[in-house]
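J.: my questions are about this predicted structure, shown below with the sequence.
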Amino acid sequence: MSNAHEVVEKNVGLMIVLTLIAVSFGGLAEIVPLFWQKATTEPLETLEPYSALEMEGRDIYIREGCHVCHTQMVRPLRAETERFGPYSVAGEDVWEHPFLWGSKRTGPDLAHVGIRPITEQWHREHLRDPRQVVPESNMPAYPWLETTPVDWSHTERKLRLFKNTFGVPYTDEGIAEQVERFTNGEWSEATEEDALVAYLLSLGRERKEVTQ
Amino acid sequence: MSDFWSWFIIVIVVINLLGCAGLLLWNNSISAEEAAKETTGHSFDGIVERNSPLPRWWLGLFIGTLVFACVYLVLYPGLGKFDGVLGWTSSGQYDSEVALVERQTGPLFEQYAQVPIEELIRYPEALAVGGRLFANNCAICHGSDARGAKGYPNLTDDAWLYGGSPEQIVTSITAGRQGAMPPMAAAIGNTDEAVRDMAIYVQSLSRPDVANKGDNAAAIERAKPRFMMCAACHGPDGSGNQMLGAPNLTDNSWLYGPRLEDIEYGIKHGRSGHMPAHESLLSKERIHVIAAYVYNLSHRADADNTTTP
């Protein structure tokens, strides 16, 4: 061998370019094709867009950092499906922006918590004070959610953004109806706890028919 | 996956492998004249770089990874649409894992299903299985020790809302339960005093000494006739009704707590504890085993002379 590698070693610009090429192989083969696969780009037939209340609940979930302790990705392992419900598939998350898969499980996976046999009442008591229902729990309490009204000022814009930018099938009439429900209707006095619990109870509804 | 993407992946993977192999060969092919040199001729601030060949073990590892990649790509899916000769998929692996456990535990559950629950509590293994199922499915509400929490009944004592017989426990789990006590303040006079009187009366049902404190005796006298309104569900003597899930108020075992505030809250706002049905989540055989675990919690003395099946 000649000392051809000397060219690369002494030429930082060239080295950067070659390094980028080398590391892009994995992404090109493993990630890029996914953007064109039906399994990852087409929603499940049973998938329903979030209601305005659930959408706000989801943003509270993000704001409070629930995803730091909870994943939303049940892996295809029996031990997980026994506890968390059916395993996750890509078609569930097509309308998730950003997705909330998480990477650490201090608490249980919540991907399908809405179809677990947990009551709305339990969720409320648990959010106000987890140790009231689960004495061993180290989950923080979120008592202020019960008394804080939902801030609806951006909700309509969010729904439109999901419709126009992400292609979630909201309709103009549908959005108008949702807006009506939170301006004058049943959600006008909803608290953040109502929104978060509605979101939690919606998780996994598209997989309800999959029994263990 | 379309042919285009399949080939796209195959080409990248193959180029990648060939590229690595080529790079290795190229770096390893040194002319005799080069190899004979002591140093590479590089000198940085007087430090010279020695001219050593690639270490053999390292070279061996590199070649090993290339061989591993080729074998892997033949056996497992990785080359575009090619499924690999083993036909492995993650969902297939999951299904066979589930089927395997089903084969192993199915006969066991079937065997347990033949044993009446009163008997099954003598099978330590069945109780261990039941305990794990309980931890997975029931502990979040009834507690990991099954002692419950406010609004979630303690399953280890002899106080039952709906009955502690094996059949009643199985029904509680299978079909779920919905407690329903309507707000009662209006029916008993609608004043804070009337509600307070009634709460004191309810306390006195399980703790007669309450009557001796302060004006409690008078409060109890006032409330007593109004307890008529409660009798339809809790019974004239307050001993409850398991058909309705109306708790026995005379046993000093509390679902929502013994404090006056707790009782007053219940009278004013009603109570509606909900136990979800588990029919669609757990097979009959599993419910049978969990029910045995629950039954055992309040019958441990009976199970003491344990015989292993």
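T.: That came through fine.
J.: what about the strands in the stretch 1-150 of chain B?
T.: Per DSSP state E, counting those that start in this stretch, the stretch 1-150 of chain B has strands spanning B:39-44, B:47-50. These are given in chain order.
J.: what is the longest one packed up against?
T.: Packed against strand B:39-44 by the contact rule (3 or more C-beta pairs under 8 Å, 6 or more residues apart in numbering or on different chains; DSSP states H and E) you find strand B:47-50. C-beta here means a position set from N, CA and C on the backbone, and glycine is covered the same way.
J.: please redo it, this time with the cut-off set to 10 Å
T.: Contact partners of strand B:39-44 among helices and strands, from 3 or more C-beta pairs under 10 Å, 6 or more residues apart in numbering or on different chains; DSSP states H and E: helix A:5-9, strand B:47-50.
J.: got the CA coordinates for the last one in CSV?
T.: Output for strand B:47-50, consisting of C-alpha atoms alone and laid out as CSV, is shown next (Å, rounded to 0.1, in the frame of the first residue of the first chain):
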residue,chain,number,x,y,z
ILE,B,47,7.6,11.9,17.8
VAL,B,48,7.9,9.3,15.0
GLU,B,49,5.1,6.8,14.0
ARG,B,50,6.2,3.2,14.0
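J.: point out the other helices and strands that it packs with.
T.: Other elements packing on strand B:47-50 under the criterion 3+ C-beta pairs under 10 Å, 6+ apart are strand B:39-44.
J.: the helices in the chain, which residues?
T.: I went with chain A, as the question did not name one. A:5-9, A:12-30, A:38-41, A:52-63, A:66-69, A:78-84, A:120-128, A:130-133, A:155-164, A:172-183, A:192-202 (DSSP state H).
J.: ah, I was thinking of chain B
T.: Remark: helices assigned in chain B by DSSP H are B:3-28, B:32-35, B:56-75, B:90-114, B:117-120, B:124-137, B:139-142, B:166-175, B:192-206, B:216-226, B:228-234, B:260-269, B:284-297.
J.: mean pLDDT for these: which is lowest?
T.: Taking the average pLDDT of each of these, the minimum falls on helix B:32-35, with a mean of 75.
J.: give the buried residues for it.
T.: Within helix B:32-35, no residue counts as buried by 16 or more other C-beta atoms under 10 Å in any protein chain shown.
J.: check which helices and strands it is in contact with.
T.: So helix B:32-35, by 3+ C-beta pairs under 10 Å, 6+ apart, packs with no helix or strand.
J.: distance from the chain centre to that helix, please.
T.: For helix B:32-35, the gap between its own C-alpha mean and the chain's C-alpha mean amounts to 68 Å (C-alpha atoms, centre = their mean, to the nearest Å).
J.: C-alpha coordinates for it, CSV please?
T.: Provided in CSV are the C-alpha atoms of helix B:32-35 (Å, rounded to 0.1, in the frame of the first residue of the first chain):
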residue,chain,number,x,y,z
ALA,B,32,7.8,-5.9,1.0
GLU,B,33,9.8,-2.7,0.6
GLU,B,34,7.2,-0.7,2.7
ALA,B,35,6.9,-3.4,5.3
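J.: which residues touch A:Glu120?
T.: Taking C-beta atoms under 10 Å, 6 or more residues apart in numbering or on different chains as the definition of contact, the neighbours of A:Glu120 are A:Asp194, A:Val197, A:Ala198, A:Leu200, A:Leu201, B:His274.
J.: mind listing what's buried in stretch B:204-223?
T.: B:Ser204, B:Leu205, B:Ser206, B:Val210, B:Ala211, B:Asn216, B:Ala219, B:Ile220, B:Arg222, B:Ala223.
J.: switch those over to CSV; also include distance to chain A.
T.: Written out in CSV, the entries for the buried residues of stretch B:204-223 read as follows (distance: C-beta to the nearest C-beta, whole Å):
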residue, distance to chain A
B:Ser204, 28
B:Leu205, 26
B:Ser206, 23
B:Val210, 26
B:Ala211, 32
B:Asn216, 30
B:Ala219, 30
B:Ile220, 31
B:Arg222, 33
B:Ala223, 29
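J.: for those residues, give me CSV that also has distance to B:Leu75.
T.: Converted to CSV, those look like this (distance: C-beta to C-beta, whole Å):
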residue, distance to B:Leu75
B:Ser204, 76
B:Leu205, 72
B:Ser206, 69
B:Val210, 76
B:Ala211, 81
B:Asn216, 80
B:Ala219, 80
B:Ile220, 80
B:Arg222, 83
B:Ala223, 78
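J.: return the member of those residues nearest to B:Ser283.
T.: Of all the buried residues of stretch B:204-223, B:Ser283 sits closest to B:Ser206, with 39.3 Å by C-beta to C-beta.
J.: point out where chain A drops to low pLDDT.
T.: Low-confidence segments of chain A, defined by pLDDT under 70, are located at A:1-3, A:210-212.
J.: switch to 50 and redo it
T.: Across chain A, residues meeting the criterion (pLDDT under 50) sit at A:1, A:212.
J.: not counting its neighbours along the chain, what's nearest the one residue sitting closest to the centre of chain B?
T.: Centre of chain B computed as the mean C-alpha position; nearest residue by C-alpha atoms, centre = their mean is B:Asn136, 2.7 Å away. Nearest residue to B:Asn136, sequence neighbours excluded (C-beta to C-beta, 6 or more residues apart in numbering or on different chains): A:Arg83, at 5.4 Å.
J.: cool, and B:Lys37?
T.: With sequence-adjacent residues excluded and distances taken as C-beta to C-beta, 6+ apart, B:Lys37 is closest to B:Asn51, at 5.0 Å.
J.: and what of B:Asn248?
T.: In space, not counting the residues next to it along the chain, B:Asn248 is nearest to B:Gly240; the distance is 3.5 Å by C-beta to C-beta, 6+ apart.
J.: out of the helices of chain B, nearest to A:Val68?
T.: Proximity to A:Val68 (C-beta to C-beta) singles out helix B:139-142 among those, at 20.3 Å.
J.: for that closest one, packing partners?
T.: With contacts defined as 3+ C-beta pairs under 10 Å, 6+ apart, the secondary structure elements packing on helix B:139-142 are helix A:120-128, helix A:130-133, strand B:274-275.
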